[in-house]
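> The following block contains a protein sequence and its predicted model.
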Amino acid sequence: MAIIILYASIMLVIALPGLRRMASVEGFVTGGRRSGSIMVAASLVATIVGASSTLGMAELARTFGGAAFWWLGLGAVGLVLMAWLTARPLWELKALSIADAVARLAGRGAGRLTGSIIVIAWTGIIAAQLVAIGSVLAAFSAADPAVVILIAGLSVTLYTVIGGQRGVIRTDLIQLLILGGGMTIVFVLLAGQGSSREGLVLQPLLHKGFDAERLFFMAFPLLGAYAAGPDMFSRINAARSAGVARRGLVLAAVAIVAFGALVTSLALMALDLPGDGVQRNPLLGAVMNILPEGIALLFVLALVSAMVSSADTCLLTAGSILGHDLAGSSDLVRVRVLVALAGAAATLLALFFRDIIGLMISSYAVYTAGIASPLVVALVARAKGKYPERHWFLAGMVAGGACGLASAIWAQPLLTVVGTASSAVLALLSLRGDDSGRASAG
């Protein structure tokens, strides 16, 4: 328990300068748009490599072997797509959030619907990170997972509310250093244990258990969440120029390919070591059974860093949308209060849900089908002087979101594909040669 308290205290100290430097909601959400490409890339990687990209990928490796790599491999493709298609038009909008961007493109109604979906879905993603923190620290120290979740939720909420975007980016950099260093050291040590597995290098990325069809259905929700996702937007929106944002995205894509190979290899090697129980996550099995206590502690801190650095960005995204876009507030104190309420809601949700990958896929399915797909169409069309008419665009969002929700409820990935295609087609049909339809929505 002392580990999480000490860790939280350090993050809070790093974020404290933001308490007196933030004078506006825009500064709180964008950090003043001062970040360079390295900081953008580092914060992107820290945000992306969270619970699903560590514990979740390790469980995928247990089932699908080296094909687990695609969870981050597809993310890298999505980042490249964002750099190519959507980063510049999104940055040039000077919006405060994805919901604000949609409102500027297609009217206030579309923006409010976008904001509502993101707040609900991203609260679930924050909860998934907190669940994972509880699992890791409970396995290492026999602490009560519920107590760990409460402490982690309180600390992430507190330093995010205080530091805003600038504080989150600063803490992300520290967390990324701990994450990368810890995982690399553990990889070297496990490789020296004489595992008979080849790691990722000689593992097939497609095979009978994970074929091209399964990859296709995994790709749809993931590519949308990366190519036009609210967390990715928050990072490029903190960049000092569109060119800096695009370079940061490409650097981050390269880095998460490396992280994907590293995490998958760690999981495969851990599965081959003696004493790994089928009820225990492969990465946690490696910590408990093989590593010396000091290295195990470093690995635990690396895993916690992965989850915390994802949770804080998601919280800032959901909370700021709740305050600025849904409540319509430009008062910084009120927005901070609503960020805190979003953190409290996610913490309570974390006490009841345990399926990390399932929760992420469900959230991404609704977002990609209902928001990302028509948003990409609108952004590409804007560069050609065309704008969406609000009624058709909203119809596409509703149709796509409904299909994504049905896909999540009934575990039918084909519905995500149908929803993504439907929303894109309706967005295309909504395009006009001027912005009169959009303006009438304001």
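Structure received.

> Pretty sure Leu415 sits against Gly401.
No - here Leu415 does not reach Gly401: they are 11.2 Å apart, not a contact under Cβ atoms under 8 Å. From N, CA and C alone the C-beta is placed, and that goes for glycine too.

> So the two - more neighbours on which side?
Gly401 (25 against 20; other Cβ atoms under 10 Å).

> Sticking with that one, tell me its helix or strand.
Taking DSSP states H and E as the definition, Gly401 sits inside helix 390-410.

> From the chain's centroid, how far away is stretch 87-102?
18 Å (Cα atoms, centre = their mean, to the nearest Å).

> same deal with stretch 208-215?
The answer for stretch 208-215 is 24 Å, by Cα atoms, centre = their mean.

> What are the contacting residues of that stretch?
63-65, 67, 70, 206 (Cβ atoms under 8 Å, 6 or more residues apart in numbering).

> list the buried ones in the helix or strand hosting Leu301?
In this structure, Leu301 sits in helix 293-320 according to DSSP H and E. Under the neighbour-count criterion of 16 or more other Cβ atoms under 10 Å, helix 293-320 has 296-320 buried.

> Can you select the buried ones among the contacts of stretch 208-215 for me in PyMOL?
PyMOL command restricting those to the buried ones, with burial defined by 16+ other Cβ under 10 Å:
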select buried, resi 64+65+67+70
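
> Mutual contacts of Leu415 and Gly401, please.
Ala369.

> Where does pLDDT dip in the stretch 301-442 of the chain?
353-359, 434-442 (pLDDT under 70).

> can you list the contacts of stretch 208-215 in TSV and add distance to Leu394 and pLDDT?
Shown next, in TSV, are the contacts of stretch 208-215 (distance: Cβ to Cβ, whole Å; pLDDT from 0 to 100):
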residue	distance to Leu394	pLDDT
Thr63	39	90
Phe64	38	92
Gly65	43	89
Ala67	38	93
Trp70	33	95
Leu206	38	87
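
> closest to Ile371 among the contacts of stretch 208-215?
Of all these, Ile371 sits closest to Trp70, with 22.8 Å by Cβ to Cβ.

> Where does that closest one fall, secondary structure wise?
Assigned by DSSP H and E, Trp70 falls in helix 70-81.

> The chain: strands as residue ranges?
387-388, 431-432 (DSSP state E).

> okay, those in TSV with mean neighbour count and distance to Phe352 next?
TSV is the format used below for the strands of the chain (neighbours: other Cβ atoms under 10 Å; distance: least, Cβ to Cβ, whole Å):
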stretch	mean neighbour count	distance to Phe352
strand 387-388	26	38
strand 431-432	18	43
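
> among these, which is nearest Trp410?
strand 387-388 (29.7 Å).

> Show me what counts as buried in stretch 155-162.
Here stretch 155-162 shows 155-162 as buried, counting by 16+ other Cβ under 10 Å.

> Let's test this: mean pLDDT of it, rounded?
In this model, stretch 155-162 has a mean pLDDT of 92.

> And the contacts of that stretch?
So stretch 155-162 is contacted by 4, 7-8, 11-12, 14-16, 18-19, 126, 130, 167-168, 171, 308, 311-312, 315-316, 319, 336, 339-340, 343-344, 347 (Cβ under 8 Å, 6+ apart).

> Give me the buried subset of those residues.
Buried among these by 16+ other Cβ under 10 Å: 4, 7-8, 11-12, 14-15, 18, 126, 130, 167-168, 171, 308, 311-312, 315-316, 319, 336, 339-340, 343, 347.

> Which ones among these lie within helices?
Using DSSP state H, 4, 7-8, 11-12, 14-15, 18, 126, 130, 167-168, 171, 308, 311-312, 315-316, 319, 336, 339-340, 343, 347 are the members of the buried ones among the contacts of stretch 155-162 that sit in helices.
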